[in-house]
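A.B. asks: A predicted structure for the sequence below; I have some questions about it.
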Amino acid sequence: MRIALFPGSFDPFHNGHLEVVESASRLFDEVIVAVLRNPQKGEPLFTLEERQEMLEDSIVHLQRVRVVSMSTLVVTVAQEVGATAIVKGLRAVTDFENEMQMAQMNQQLSGIDTLFIPTASTHSFIASRLLREVARFGGDVTALVPAPVAKRLQERFRP
C-alpha cells in the first residue's frame, strides 16, 4: 500500500493546500495530512486542535485521506504511519530551495523520499501568513480557503 504523509502547520489550511491533498489522493492509496506545531513560526492563530478540526471538515469529500496532529519530527510520524513518501506542495521557485533541503535531510534520516506537487497558478500566491493578515484587517478571503476555514476566520476576527 502506498501511503503519503503531507505535513504542515496549516494555520490556516487554504485552497493551495487542498489542491495538493486532492492531487496526492489520486496518486496514493492513502494520504495522511499531519498538522504540526511549528515553533519556528511563532504563536499560531489557531490551536492545533482547531486546525485539525478545520482540516477534517475541509476534506470530507475525499476518500482515503485522514488527519493527524504531531509535535515531533516529520520522519518520525512518517515511519509511525508507514508512509512510503512525504508530499510537499510548491507554490513558486522560492519554496523549492527550503523544501529541497528538508527533503534531503528527511531522506538521510529515514530513507523516505519526498514528492513535490506544484500548485496551479490560481493558488500559487496563497500563503497562510497573508490570509491571516488580510482576514485580521477585515478582508474577504472566502474564495481562497475552504468554507469551514472561512467560517472560523470570520468568527475569529468578527468585530
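C.D. replies: Done, it's in. Numbers count the residues shown, from 1 in each chain.
A.B. asks: Tell me how many other residues surround the closest residue to R37 other than its chain neighbours.
C.D. replies: Excluding its sequence neighbours, the residue lying closest to R37 (C-beta to C-beta, 6 or more residues apart in numbering) is S71, at 4.7 Å. Yep, even glycine has a C-beta here, placed from its N, CA and C like the rest. Counted by other C-beta atoms under 10 Å, the residues lying close to S71 total 11.
A.B. asks: And the pLDDT for S71?
C.D. replies: On pLDDT, S71 comes in at 87.
A.B. asks: Please name the residues that touch it.
C.D. replies: S71 makes contact with L36, R37, L48 under the criterion C-beta atoms under 8 Å, 6 or more residues apart in numbering.
A.B. asks: I would like a ChimeraX command selecting only the buried ones among these, please.
C.D. replies: Buried subset of the contacts of S71, written as a ChimeraX selection, criterion 16 or more other C-beta atoms under 10 Å:
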select :36,48
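A.B. asks: nearest to N98, of the contacts of S71?
C.D. replies: For these, the minimum distance to N98 (C-beta to C-beta) is 15.4 Å, reached by L36.
A.B. asks: and the closest one, what does it touch?
C.D. replies: Taking C-beta under 8 Å, 6+ apart, we find L36 in contact with P7, G8, S9, S69, M70, S71, V74.
A.B. asks: give me that answer again for 6 Å
C.D. replies: Residues near L36 by C-beta atoms under 6 Å, 6 or more residues apart in numbering: P7, S9, M70.
A.B. asks: ok, V21 - how many residues close by?
C.D. replies: 22.
A.B. asks: and it, that's in a helix?
C.D. replies: Yes - using DSSP: H, G, I helix; E, B strand; the rest coil, the secondary structure at V21 is a helix.
A.B. asks: ok so, going back, just read off the phi/psi values of the residue nearest to R37.
C.D. replies: With angles defined as degrees, to the nearest 10, S71 sits at phi -140, psi 40.
A.B. asks: returning to that earlier point: return the subset of the contacts of S71 lying in strands.
C.D. replies: L36 (DSSP state E).
A.B. asks: could I get the contacts of S71 as CSV with distance to A92 and pLDDT?
C.D. replies: Below are the contacts of S71 laid out as CSV (distance: C-beta to C-beta, whole Å; pLDDT from 0 to 100):
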residue, distance to A92, pLDDT
L36, 22, 91
R37, 25, 82
L48, 27, 93
